[in-house]
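Colleague: Curious how this folds, go ahead:
(chains A and B, ligands or ions: 2)
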There are 2 protein chains.
Amino acid sequence: DEEWIQEAEDINEEAGPYAEEPIRSPKLIVQGEAPFNAEPELKLLVHDQLTPNDLFYVRNHMPVPVIHPEEYRLEVVDTNGKMLVSLSLEDLKKLPKHVVAATIQCAGNRRNELDAVKKVKGGRWEGGAISNAEWGGARLADVLALSPSSAKTIEISEAHHLCFEGLDTDPGTGAVYAASIPVDVLHRVPDVLLAYEMNGETLPRDHGYPVRAVVPGIVGARCVKWLGRVVLSKEESTSHWQRQDYRSFSPGVDWDTVDFTKAPSIQEMPVVSSICDHSLDGEKKTISMSGYAWSGDGKGIIRVDVSADGGKTWQEAALRKKGSQKRNETYDWTLWDATIKAPANGKTELVCKAVDSAYNTQPERAESIWNLRGLLNNAWHRVDVDKV
Amino acid sequence: DEEWIQEAEDINEEAGPYAEEPIRSPKLIVQGEAPFNAEPELKLLVHDQLTPNDLFYVRNHMPVPVIHPEEYRLEVVDTNGKMLVSLSLEDLKKLPKHVVAATIQCAGNRRNELDAVKKVKGGRWEGGAISNAEWGGARLADVLALSPSSAKTIEISEAHHLCFEGLDTDPGTGAVYAASIPVDVLHRVPDVLLAYEMNGETLPRDHGYPVRAVVPGIVGARCVKWLGRVVLSKEESTSHWQRQDYRSFSPGVDWDTVDFTKAPSIQEMPVVSSICDHSLDGEKKTISMSGYAWSGDGKGIIRVDVSADGGKTWQEAALRKKGSQKRNETYDWTLWDATIKAPANGKTELVCKAVDSAYNTQPERAESIWNLRGLLNNAWHRVDVDKV
Ligand SMILES: [Mo]
Ligand SMILES: [Mo]
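Modeller: Ligands and ions are numbered 1, 2, ... in the order given. This next block holds a predicted model:
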């Protein structure tokens, strides 16, 4: 853990609130420097089922806080503001460790395509604002069970939302990043974790060191990093990010007419897929493609269809993950590969679309799901390629 | 209950296996006489949140059996074929009665549009093979809990599927209708019912008198009518309808290449919506539209978008059901209404598409989800209308 503090001190010579950012991989494509937002090149995502920590997309809202592990506390507070649980990092690590493979995706992934339809607010993510890791940590349910028994029976039963508060603060307003999940998620998803490990390593600073929330099947915005407090609440988090962001609207709604109370906060996510890499075999006149597919709410991927003629004809991709994914408890993505004949005539346009275990599928065009914040673009993914 | 037997006897003068069918409403549009398959006119579906029993779509696979209530038994059988529970209708009614509002939809609803793309097997349902009712009955979980305790701990834990066997039999082969659900559904959906009431009335013969399975959020094919046995099983039902039907495939798969083991049986269903009624106001140059929207797996409907120009521009419909649908436990449909300006130029083509609480939405064209059995057509619903 010492190394992180060392790094932070090394770059402390730069002034300002972003002076203590961690060192990052040069392989990341930077969408924003301060706060830091970056995604890996798409083709790097399909090398491994687990995304290496240094390639995992980074979506920060504020400067990365410097947290000394011996000073860290995780606090749980009841609906009246009373402290129920206060744990050191070592206390947290003494609880049973659970490991869950879970994909986390930014709600703004593939915003670039929505922005191309009509200007939207937000970083122009290209499809790499999604990654997959094995997260290790304590179950949130086990931490809540440490509450005094009166609190357990009364306060927890009155809570309809679990608010996560980060230790990252806005340099201007002093606000901390915060977001909440409905309490029913905890009953549906046993492995809602307070994670301190990522792919078997100490959680990196950019991913929430020392502890982040991991809520499998739920949008990245609720997987709060640098987690300081969990507040049991009758209401959703009152944060900007819960109330005025991370909700989606009809294509006809613009910034003059939008009412953020009219749409629910994004929690479970719809089925998505992307083409991450492709190569042409000019002799065989075939195209090889690889990509990812994922769906929220624990839904598995049952099929990926690919096309080389813009969606006129389709064939099935081969899914790398074989056999029995657990029904409604599949939280990690499915990588896929396909080799398809290039069309004899006309334009070669590669397309993919996935089907999840509830047989939900993807909409055809970004136009039909355009929304003013540029969120939840799960339209068919398309890649124009030169003729073979 | 006497009246049903009386009816059956009245029409007994006709010969053959379909001699004892019940009397049906003349308002039903008949897709097939024997077995009987019929749907209500679409515009009748949006009159009430609850579909009247005599208008509720009927999807039978065999003749309607004549079941004398005093002779009826519901049996539960373990993985070794041993009888665990055997109940009379009166025994079943002594268990706590639960009521759940749940929409049931045939997997083949709106098959007519898929058939128009390319010929498929099956009845050409036009969008009315979906209806909504309040079902009253005993929880399946309460019936299973009547098992001897040794069975409860051993046999039920070994069961991965609950097979429902009907008392309807194929006149040719003698096979009974049967289908199964994965046992995890029972943990996710408390109100899996053995229903003997429909909208407060005795379950009608066409809907499974005296007892049917109602599995909220799951395809109609698993809501087995005239339920005789529940078999705890390590495997899915071996019935034709479980293994060789009610699965969907890529548009590229035809009857020469299909392998039914390659797709999972349909259980939870994707988000759907339909325009059920519309009227033109020539003076105001507006169009009023009404319809339904629904999603499986307990997902609620958060938005319905409508268009009068074939999907170029969109506005939001008003949802009739207000306020707090229970997250992930909303099993009944959402009816909606909209008034939209007719386009000044070009063709008037009405379209609707819905968004569910996981922000899943519908695909644009039936072509892209065509499958050889014509199942799960949840493409945008379109209605061509004359110019205002
Ligand atoms: Mo995000
Ligand atoms: Mo069906």
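Colleague: Do a quick rundown of the strands in the stretch 251-388 of chain A.
Modeller: Taking DSSP state E, counting those that start in this stretch to define them, one finds strands in the stretch 251-388 of chain A at A:272-281, A:286-294, A:301-307, A:315-316, A:318-319, A:334-341, A:348-356, A:381-385.
Colleague: okay, the ones you listed in CSV with mean pLDDT, mean neighbour count and distance to ligand 2 next?
Modeller: For the C-beta atoms, the positions are set from N, CA and C on the backbone; glycine is no exception. Shown next, in CSV, are the strands of the stretch 251-388 of chain A (pLDDT from 0 to 100; neighbours: other CB atoms under 10 Å in any protein chain shown; distance: least, CB to the ion, whole Å):
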stretch, mean pLDDT, mean neighbour count, distance to ligand 2
strand A:272-281, 96, 21, 28
strand A:286-294, 97, 24, 27
strand A:301-307, 97, 25, 19
strand A:315-316, 96, 16, 24
strand A:318-319, 97, 15, 27
strand A:334-341, 97, 20, 28
strand A:348-356, 97, 24, 19
strand A:381-385, 95, 18, 32
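Colleague: Turn the ones you listed into TSV, including distance to A:I67.
Modeller: Formatted as TSV, the entries for the strands of the stretch 251-388 of chain A read as follows, by distance: least, CB to CB, whole Å:
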stretch	distance to A:I67
strand A:272-281	32
strand A:286-294	30
strand A:301-307	36
strand A:315-316	47
strand A:318-319	39
strand A:334-341	34
strand A:348-356	37
strand A:381-385	37
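Colleague: Out of the ones you listed, flag the one nearest B:D281.
Modeller: Distance to B:D281, taken as CB to CB, is lowest for strand A:348-356 among the strands of the stretch 251-388 of chain A, at 38.6 Å.
Colleague: If we ignore the residues flanking it in sequence, what's nearest whatever residue of chain A ends up closest to ligand 1?
Modeller: With CB to the ion as the measure, A:C106 is the residue of chain A nearest to ligand 1, at 3.5 Å. Take A:C106 and drop its neighbours on the chain: the residue closest to it by CB to CB, 6 or more residues apart in numbering or on different chains is A:A129, 3.8 Å away.
Colleague: where does chain A have low pLDDT?
Modeller: For chain A, the stretches with pLDDT under 70 are A:1-15, A:150-155, A:322-324, A:386-388.
Colleague: Can you show me the helices along it?
Modeller: Here chain A has its helices, by DSSP state H, at A:2-10, A:42-45, A:89-94, A:111-117, A:140-144, A:149-158, A:184-188, A:240-243.
Colleague: Any chance of TSV for the ones you listed, columns distance to ligand 2?
Modeller: Below are those laid out as TSV (distance: least, CB to the ion, whole Å):
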stretch	distance to ligand 2
helix A:2-10	57
helix A:42-45	39
helix A:89-94	50
helix A:111-117	36
helix A:140-144	39
helix A:149-158	40
helix A:184-188	27
helix A:240-243	40
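Colleague: Among these, which comes closest to A:V76?
Modeller: The stretch from the helices of chain A with the least distance to A:V76 (CB to CB) is helix A:140-144; that distance is 6.4 Å.
Colleague: picking that back up, distance check, the residue nearest to A:C106 against ligand 2.
Modeller: Using CB to the ion, to the nearest Å, one obtains 39 Å as the distance from A:A129 to ligand 2.
Colleague: Next: A:A102.
Modeller: 34 Å.
Colleague: Surely that residue is in contact with A:N132?
Modeller: Yes - here A:A102 reaches A:N132: they are 7.3 Å apart, a contact under CB atoms under 8 Å.
Colleague: Mind listing the shared neighbours of the two?
Modeller: Shared between the contact lists of A:A102 and A:N132 (criterion: CB atoms under 8 Å, 6 or more residues apart in numbering or on different chains) are residues A:D332.
Colleague: what residues are up against the closest residue to ligand 2 within chain A?
Modeller: When you check chain A against ligand 2 by CB to the ion, the closest residue turns out to be A:Y359, at 13.6 Å. With CB under 8 Å, 6+ apart as the criterion, the residues that contact A:Y359 are A:I302, B:S248, B:I266, B:E268, B:M269, B:P270, B:L376.
Colleague: quick one: stretch A:258-272 near ligand 1?
Modeller: No - Stretch A:258-272 is not in contact with ligand 1 by CB under 5 Å from the ion; minimum separation 9.0 Å.
Colleague: Quick one: end-to-end length of that stretch, please.
Modeller: 26 Å (CA to CA, to the nearest Å).
Colleague: Could you do stretch A:133-144 as well?
Modeller: Distance between the boundary residues of stretch A:133-144 (CA to CA) amounts to 25 Å.
Colleague: in that stretch, what's buried?
Modeller: A:A133, A:E134, A:W135, A:G136, A:G137, A:A138, A:R139, A:L140, A:V143, A:L144 (16 or more other CB atoms under 10 Å in any protein chain shown).
Colleague: A:R303 is in contact with A:A354, isn't it?
Modeller: Yes - between A:R303 and A:A354 there is a contact at 7.0 Å, judged by CB under 8 Å.
Colleague: what does the stretch 51-200 of chain A have sitting close to chain B?
Modeller: Taking CB under 8 Å from any CB of the partner chain as the contact definition, the stretch 51-200 of chain A meets chain B at A:P182, A:D184, A:R188.
Colleague: Whichever of the residues you listed end up buried, select them in ChimeraX.
Modeller: Burial among these is assessed by 16+ other CB under 10 Å; the matching ChimeraX selection reads:
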select /A:182,188
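Colleague: re earlier: JSON lines for the helices of chain A, including distance to A:T79?
Modeller: As requested, these are arranged in JSON lines below (distance: least, CB to CB, whole Å):
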{"stretch": "helix A:2-10", "distance to A:T79": "35"}
{"stretch": "helix A:42-45", "distance to A:T79": "41"}
{"stretch": "helix A:89-94", "distance to A:T79": "23"}
{"stretch": "helix A:111-117", "distance to A:T79": "36"}
{"stretch": "helix A:140-144", "distance to A:T79": "13"}
{"stretch": "helix A:149-158", "distance to A:T79": "5"}
{"stretch": "helix A:184-188", "distance to A:T79": "15"}
{"stretch": "helix A:240-243", "distance to A:T79": "17"}
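Colleague: Quick one, which of the ones you listed gets closest to A:G296.
Modeller: Nearest of these to A:G296, taken as CB to CB: helix A:184-188 at 11.1 Å.
Colleague: Could you list the residues in contact with that closest one?
Modeller: The set of residues external to helix A:184-188 that reach it, using CB under 8 Å, 6+ apart, is A:L140, A:A141, A:L162, A:V192, A:V215, A:I218, A:Q267, A:G298, B:R188, B:R327, B:N328.
Colleague: Report the buried members of those.
Modeller: If you count burial by 16+ other CB under 10 Å, the buried members of these come out as A:L140, A:L162, A:V192, A:V215, A:I218, A:Q267, A:G298, B:R188, B:R327, B:N328.
Colleague: give the contact list for the nearest residue to the third one once chain neighbours are set aside.
Modeller: So that's A:V192. Excluding its sequence neighbours, the residue lying closest to A:V192 (CB to CB, 6+ apart) is A:L140, at 4.6 Å. Taking CB under 8 Å, 6+ apart as the definition of contact, the neighbours of A:L140 are A:L162, A:L186, A:V192, A:L193, A:L194, A:A213, A:V230.
Colleague: Can you tell me which of these has the most neighbours?
Modeller: When neighbours are taken as other CB atoms under 10 Å in any protein chain shown, the top entry among those is A:L193 (29 neighbours).
Colleague: so it touches A:H98, yeah?
Modeller: Yes - with the criterion set as CB under 8 Å, A:L193 and A:H98 qualify as a contacting pair; they are 6.1 Å apart.
Colleague: any residues in contact with both of these two?
Modeller: With CB under 8 Å, 6+ apart as the test, A:L193 and A:H98 both reach A:G136, A:G137, A:A138, A:R139.
Colleague: Taking the stretch 1-150 of chain A, what residue is nearest to chain B?
Modeller: A:A107 (9.1 Å; CB to the nearest CB).
Colleague: contacting residues around that residue?
Modeller: The neighbours of A:A107, taking CB under 8 Å, 6+ apart as the test, are A:V219, A:G220, A:A221, A:Y246, A:I266, A:M269, A:L375, A:L376.
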